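Q: coords please:
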Amino acid sequence: MEDWSDGIAGLHARFAGRFGRSEPRERALDYLSTLLAPLERKNGWTLAEQAGQRRPDGFQRLLNFADWDEHAVRDDVRDFIVETIGSKDAVLIGDDTGFLKKGIKSAGVQRQYSGTAGRTENCQIGTFLAYASAAGRALIDRELYIPVSWTDDRERCRAAGIGDEVPFATKIEHFKWMLQRAIDARVPFAWVTADEAYGQVKHMRAWLEERHVAYVLATKVNDTVPTTGGTDAEVRDLVTAVPRQAWKRISAGAGAHGQRFYDWARIAIRPAWEDGFGHWVLARRSISDPTEIAYYVCYGPVTSRLKDLVRTAGARWQVEECFQIAKGECGLDHYQVRLYRAWYRHITLAMAALAYLTAIRAAEAAKGAAETTSKTSYPSASRRSAD
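A: Down below sits the predicted model:
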């Protein structure tokens, strides 16, 4: 526990300068520490009790009114993640998740579809960017979706702390904002991926291509793409014409029940490739049910192999793991705040808690790998003596 306390304090020290006064600076350390405590619920009262406080007023001031820069803290957390698990082969993953809420006053809340609940619920929606490498995965950016029903009612927005300068923005625009911040910060990565809600949007793909950002994006079955012959075709029609021998059985990576094997095929598209980048349609077919096929549109270096596209497509599940761990262990969805800025502050500190867990797990994995290498590479002292 002492090592954990020192580690959390070390992470906090990276962004301690973002606080204008000592009181919120110390509160932030307490908040970060209690988010990682083994509590069933991590709301204001339970966190305050865990921190030895009689009431949650201090934490509420930290989130609602204290003087500190939550966006700069986000950047500090991102930099910590890059230092901890960063790799030039990493994948950036975009996705959104729902936060079920009661009432109508929390910023951006309305009845809307929540993938978390699998149905329409009264909720807020957060859009996130995850970073995944062979060493681990964590969340590095976030945006709160504010529906047009809110941005058309500026009085309601002001009551929730949403300034007049905050425009309506789609989740696609959020994805672009977060990717651009990662690009501007020179975050190392090789590919971008997301589900079909993002991948089917053609202007999203064009935006990435303008920046020479390689992608593997899920898309809908009837999405159209330009073929090598210059005509447009639906992706399912292109895949239907793939010969049997073109399908390759490849693992999309380890899952909860072992390696995730599927049959994969890719088809080159576009009449011309430029700047050393190519375009493909990628198909993933179930082994047990060959009629179950998922489709992807891909853009990347012409040297990209099928297994590179498969690895990137298979990386998308890691954002779901981030949400699961952040909600289950870091209190990502346990907040009790209504104001716009308070949402960002809680989410940012929960992301910092997740970043710390990621760093701990990456260090333990590296330590285990080093010990295994040491044991297999060098004979024991007794064996050396016998030899």
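
Q: Let me see the contact set for the spatially closest residue to Q50 that is not a sequence neighbour.
A: Leaving aside its chain neighbours, Q50 sits nearest to T34 (4.4 Å; criterion: Cβ to Cβ, 6 or more residues apart in numbering). All C-beta atoms are positioned from the backbone trio N, CA, C, and that covers glycine. T34 makes contact with 42, 47, 50-51 under the criterion Cβ atoms under 8 Å, 6 or more residues apart in numbering.

Q: The same query, at a cut-off of 10 Å, please.
A: 42, 46-53, 59, 331, 353 (Cβ atoms under 10 Å, 6 or more residues apart in numbering).

Q: Quick one: those as TSV, columns for neighbour count and distance to A294 too.
A: What follows is the contacts of T34, written out as TSV (neighbours: other Cβ atoms under 10 Å; distance: Cβ to Cβ, whole Å):
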residue	neighbour count	distance to A294
K42	26	35
T46	17	41
L47	25	41
A48	20	46
E49	14	46
Q50	16	43
A51	17	46
G52	8	50
Q53	17	49
F59	25	43
G331	25	33
A353	26	33
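
Q: Do a quick rundown of the strands in this structure.
A: Along the chain, counting by DSSP state E, strands occupy 91-100, 110-114, 119-133, 136-144, 191-194, 215-219, 224-226, 232-234, 248-255, 258-268, 277-285, 293-301.

Q: For those, state which one has the densest average packing.
A: strand 191-194 (a mean of 27; mean count of other Cβ atoms under 10 Å).

Q: Where is the longest helix in this structure?
A: helix 340-377 (DSSP state H).

Q: helices or strands up against it?
A: If contacts are counted by 3 or more Cβ pairs under 10 Å, 6 or more residues apart in numbering; DSSP states H and E, helix 340-377 sits against helix 2-15, helix 22-35, helix 57-64, helix 70-85, strand 119-133, strand 136-144, helix 317-329.

Q: Mean pLDDT lowest where, among the ones you listed?
A: Mean pLDDT values for the helices and strands packed on helix 340-377 show the minimum at helix 2-15, a mean of 85.

Q: Next, the buried residues of that helix.
A: By neighbour count on 16 or more other Cβ atoms under 10 Å, the buried set for helix 2-15 is 8, 11-12, 15.

Q: now do stretch 78-93
A: Buried-residue list, stretch 78-93, by 16+ other Cβ under 10 Å: 78-82, 84-86, 90-93.

Q: which among the residues you listed gets closest to I140?
A: Within the buried residues of stretch 78-93, proximity to I140 (Cβ to Cβ) peaks at R78, which comes in at 4.3 Å.

Q: And the closest residue in space to that closest one that isn't next to it in sequence, how close does it get to G199?
A: Nearest residue to R78, sequence neighbours excluded (Cβ to Cβ, 6+ apart): I140, at 4.3 Å. Using Cβ to Cβ, to the nearest Å, I140 is found at 20 Å from G199.

Q: Check the burial of S149 by counting its neighbours.
A: 13 (other Cβ atoms under 10 Å).

Q: mind listing what it touches?
A: 108, 110-112, 156, 168.

Q: Report the beta-bridge partners for the nearest residue to V242 once chain neighbours are set aside.
A: Excluding the flanking residues, the one nearest V242 by Cβ to Cβ, 6+ apart is A265, at 4.7 Å. With DSSP bridges as the criterion, A265 is bridged to A283.

Q: what's near enough to touch A265?
A: 238-239, 242-248, 280-285, 293, 306.
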